[in-house]
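J.: Next comes the sequence, and after it the predicted model I'd like to discuss.
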There are 2 protein chains.
Amino acid sequence: MSEKIYSLVVIGYGGMGSQHVRMLEKVDRIKVTGVYDVNESRLNKAVEKGLKAYHSFESVLADPLVDIILIATPNDNHHEFAIQGMQAGKHVICEKPAMLNSKEIEDVMKISQDTGKLFMVHQNRRWDEDYLAVKKLVDEGTLGDVFYLETRVHGSRGIPGDWRHEASRGGGMVLDWGVHLLDRLLLLFGEPVQSVYAKLSYILGHQVDDGMKAYITFESGKTALVEVGTTNYIPLPLWYVTGRYGSATIEDWNMNGQVATLDREDTKDAEPIVAGAGLTKTMAPRTKKEESITISPVPRVPSDVTQFYINFVDAIEGKCEPIVKNEEVLSVMKLMEAIFESHKLGQAVYLNK
Amino acid sequence: MSEKIYSLVVIGYGGMGSQHVRMLEKVDRIKVTGVYDVNESRLNKAVEKGLKAYHSFESVLADPLVDIILIATPNDNHHEFAIQGMQAGKHVICEKPAMLNSKEIEDVMKISQDTGKLFMVHQNRRWDEDYLAVKKLVDEGTLGDVFYLETRVHGSRGIPGDWRHEASRGGGMVLDWGVHLLDRLLLLFGEPVQSVYAKLSYILGHQVDDGMKAYITFESGKTALVEVGTTNYIPLPLWYVTGRYGSATIEDWNMNGQVATLDREDTKDAEPIVAGAGLTKTMAPRTKKEESITISPVPRVPSDVTQFYINFVDAIEGKCEPIVKNEEVLSVMKLMEAIFESHKLGQAVYLNK
């Protein structure tokens, strides 16, 4: 018996919509058959690529040949399109941030259950090699028990000049990048968040946040700093991870960085060194002579983001669990809501109370 | 008229006491004449250096030839020694942290006023070249308005194994290193702190904190992260400073680092780049081709920590204000108290209410 090939229509043929089309060329089980966009010139481009142009969302829904819709529109359209799609019998792949609030996600989860149609969010940065390397370090205990990490993205170009400036359309950096970093953090530590203290920045004068710093405490006491910045002319490392017996940094997407692990406990105090205008034992760097520490390169973990689509098809067919679970997406949304609330209150917000 | 040479006795001849003696060799206006310590072998070393050995603190106080005492004992002795010293007619230089709580500092400030004797705290890290470089960048507006900075020291050797492990003696990293970083931060931004959210770490299982992270918000909305760590096998930069039009890092005490400044505003959005498993415009690095940013080395500011002692003598003689003001020391102590309280409460603490 030959496997079913699923027909997919892209809703919103901008940067991410086009990127999906390119990536899906490598996925046998899904065939992109058409595109819907409000912009005629984008539809023309789709036609040039041999895709069918749909001039209304309703015409996509009405087409019985369409199995899957992939929503890559501005964020404020996700909710309505996802619900209508499932109600019309389509499975739904949805760009992040899935929705603008947790109520909307709960709506969509209910419709998915009622219709039996799969709804899965494209948390593509779970396939970033830097994240996978950190996950490996944490899971394998290379650094000892990891009790703190920093995960960030630093740009210096502000917010791209489109609907991402608009609050009502789901703009801002918490929803754009925070959603990725928080999603991965929850998977890394695999335990409930106890509280979050967050500061958003509005340096550029838009109505939406142009950066966030979220200080997260997990129930076991582990902590993390999650940061997005758009006015950082020097980027700090994507990752800084500290365990009891080692630390790791990943500087950039080229996987520059290092892993430092302690070979043995110190038997005596360090000698004081002159540092700046004073003396310090505590902050004396370890010397090569001591050979008490090993520096290694960051581990490399092969990654293939097309796994996302293959999993989607397998999950439709009940062969496996969805790799991005809606409960996970909901947890991240609740955490983002707590981040907005914390910034507004100027206080830590406790979750799961 | 020849200038008076002040006689100084060092109280506590350990690491810092010895360092003061070495530094004071370069200061004409002060002559170290003796040492008091509870440890006989240290007194013997002082005698070998030609200094007078005092076998009790009382004998120092009773010596009319002594003008200044310099307190470099464990922290819990500072309060009593300072008060007795001033009451016996001595001026007092005191190691940091000045006292264990703000009540003690207020006591000492009152005694200083009543006796007319000078009490000044040795905040020597105001003379660190890295701090002075950041101060220059902030004051001169090189980065535009600086709205956020990170200041940290990262070691991996735990807490030195002496009284610094004991809470009752004023151990722990907030009092040891936090006091320096906070002192400088308050001078850098020169405005009142609105609130602080802090997490202390107790990773090493001592009764005192082995690290701190304090997220500080100033009244104007500027923020800062102040961090001390003793289990950081890879150190993050001492400084990370971000302004509207530039960023700067200082990596280490050797003044490695860079200053990045924006040459002109972007006229258009960046092109999306592939980064990890996804695309991004927002986090696309600036390319050399664009020439929109200038990278410079960190500015060098000459520094001489012996200015501290010269200022002390000049302040005794009413020629100038003390360079380390007791009001400043009190503000830092109140901030450290708020840090301990925030950690305990798991909430941000608002100051000056």
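T.: Perfect, thanks for sending it.

J.: Parallel or antiparallel, list what pairs with the lowest-mean-pLDDT helix or strand in chain A.
T.: Scoring the helices and strands of chain A by mean pLDDT, DSSP states H and E places strand A:273-275 at the bottom, with a mean of 84. Strand pairing for strand A:273-275, determined by DSSP bridges: strand A:278-280 (antiparallel).

J.: Next secondary structure after the partner strand?
T.: strand A:293-296 (DSSP states H and E).

J.: how about the CA coordinates for that next one, as PDB?
T.: What follows is strand A:293-296, C-alpha atoms only, in PDB (Å, rounded to 0.1, in the frame of the first residue of the first chain):
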ATOM      1  CA  ILE A 293      40.000  22.300  34.000                       C
ATOM      2  CA  THR A 294      39.500  20.900  30.500                       C
ATOM      3  CA  ILE A 295      38.300  23.100  27.700                       C
ATOM      4  CA  SER A 296      36.500  21.300  24.900                       C
END
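
J.: Touching that strand from outside, list them.
T.: A:Gln258, A:Val259, A:Ala260, A:Thr261, A:Leu262, A:Asp263, A:Arg286, B:Ser156, B:Tyr233 (CB atoms under 8 Å, 6 or more residues apart in numbering or on different chains). Every C-beta, even on glycine, is put in place using the N, C-alpha and C of the backbone.

J.: 10 Å instead, please
T.: Strand A:293-296 has contacts (CB atoms under 10 Å, 6 or more residues apart in numbering or on different chains) with A:142, A:245-248, A:258-264, A:285-288, B:156, B:233-234.

J.: Could you turn the buried ones of those residues into a ChimeraX selection?
T.: What follows is the ChimeraX syntax for the buried subset of the contacts of strand A:293-296, where burial is set by 16 or more other CB atoms under 10 Å in any protein chain shown:
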select /A:142,245,246,247,248,258,259,260,261,262,285,286 /B:156,233,234
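
J.: Now the residue in the stretch 151-300 of chain A that chain B sits nearest to. Nearest residue, chain neighbours left out?
T.: As assessed by CB to the nearest CB, chain B sits closest to A:Gly276 within the stretch 151-300 of chain A, at 3.3 Å. Excluding the flanking residues, the one nearest A:Gly276 by CB to CB, 6 or more residues apart in numbering or on different chains is B:Asp128, at 3.3 Å.

J.: hang on, the earlier thing: give the buried residues for the least confident helix or strand of chain A.
T.: With burial defined by 16+ other CB under 10 Å, the residues of strand A:273-275 counted as buried are A:Ala275.

J.: Stretch A:295-305 too?
T.: Buried-residue list, stretch A:295-305, by 16+ other CB under 10 Å: A:Val298, A:Pro299, A:Val301, A:Ser303, A:Val305.

J.: closest to B:Val332 among these?
T.: Checking those against B:Val332 by CB to CB gives A:Val298 as the nearest, at 38.5 Å.

J.: restrict the buried residues of stretch A:295-305 to contacts with chain B.
T.: The overlap between these and the neighbours of chain B (CB under 10 Å from any CB of the partner chain) comes to A:Ser303, A:Val305.

J.: quick check, nearest of the buried residues of stretch A:295-305 to B:Phe189?
T.: Once CB to CB is applied, the member of the buried residues of stretch A:295-305 that ends up nearest B:Phe189 is A:Val298, at 35.7 Å.

J.: In this structure the closest one contacts A:Thr249, no?
T.: Yes. With contacts counted by CB atoms under 10 Å, A:Val298 reaches A:Thr249, the gap being 8.1 Å.

J.: which neighbours do the two share?
T.: A:Trp239, A:Asn256, A:Gly257, A:Gln258, A:Val259.

J.: now check the host helix or strand of the last one, is it near chain B?
T.: The reference is to A:Val259. A:Val259 is part of strand A:257-262, with elements assigned from DSSP H and E. Yes. Using CB under 10 Å from any CB, strand A:257-262 reaches chain B at A:Gly257, A:Gln258, A:Val259, A:Ala260, A:Thr261, A:Leu262.

J.: Kindly present these as a markdown table, with separate columns for pLDDT and distance to B:Glu317.
T.: Shown next, in a markdown table, are the residues of strand A:257-262 next to chain B (pLDDT from 0 to 100; distance: CB to CB, whole Å):
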| residue | pLDDT | distance to B:Glu317 |
| --- | --- | --- |
| A:Gly257 | 98 | 55 |
| A:Gln258 | 97 | 53 |
| A:Val259 | 97 | 56 |
| A:Ala260 | 96 | 51 |
| A:Thr261 | 95 | 56 |
| A:Leu262 | 92 | 52 |
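
J.: thinking the residue of the stretch 151-300 of chain A closest to chain B is in contact with B:Trp177, fair?
T.: No. With contact defined as CB under 10 Å, A:Gly276 does not reach B:Trp177; the gap is 11.9 Å.

J.: Between these two, which has more neighbouring residues?
T.: Taking neighbours as other CB atoms under 10 Å in any protein chain shown, A:Gly276 and B:Trp177 compare with B:Trp177 leading, 26 against 23.

J.: and the closest residue in space to that one that isn't next to it in sequence, what does it touch?
T.: Spatial nearest neighbour of B:Trp177, excluding adjacent residues (CB to CB, 6+ apart): B:Val228 at 4.4 Å. Counting by CB under 10 Å, 6+ apart, B:Val228 touches A:282-283, B:151-155, B:172-174, B:176-181, B:200-201, B:209-214.

J.: What residues are bridge-paired with B:Val228?
T.: Note on B:Val228: beta-bridge partners by DSSP bridges are B:Val153, B:Met212.

J.: From B:Gln87, how far off is it?
T.: 34 Å (CB to CB, to the nearest Å).

J.: about what we covered before: the buried residues of stretch A:295-305 into JSON lines, with extra columns for secondary structure and pLDDT?
T.: Output for those, formatted as JSON lines (DSSP: H, G, I helix; E, B strand; the rest coil; pLDDT from 0 to 100):
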{"residue": "A:Val298", "secondary structure": "coil", "pLDDT": "97"}
{"residue": "A:Pro299", "secondary structure": "coil", "pLDDT": "97"}
{"residue": "A:Val301", "secondary structure": "coil", "pLDDT": "96"}
{"residue": "A:Ser303", "secondary structure": "coil", "pLDDT": "94"}
{"residue": "A:Val305", "secondary structure": "coil", "pLDDT": "93"}
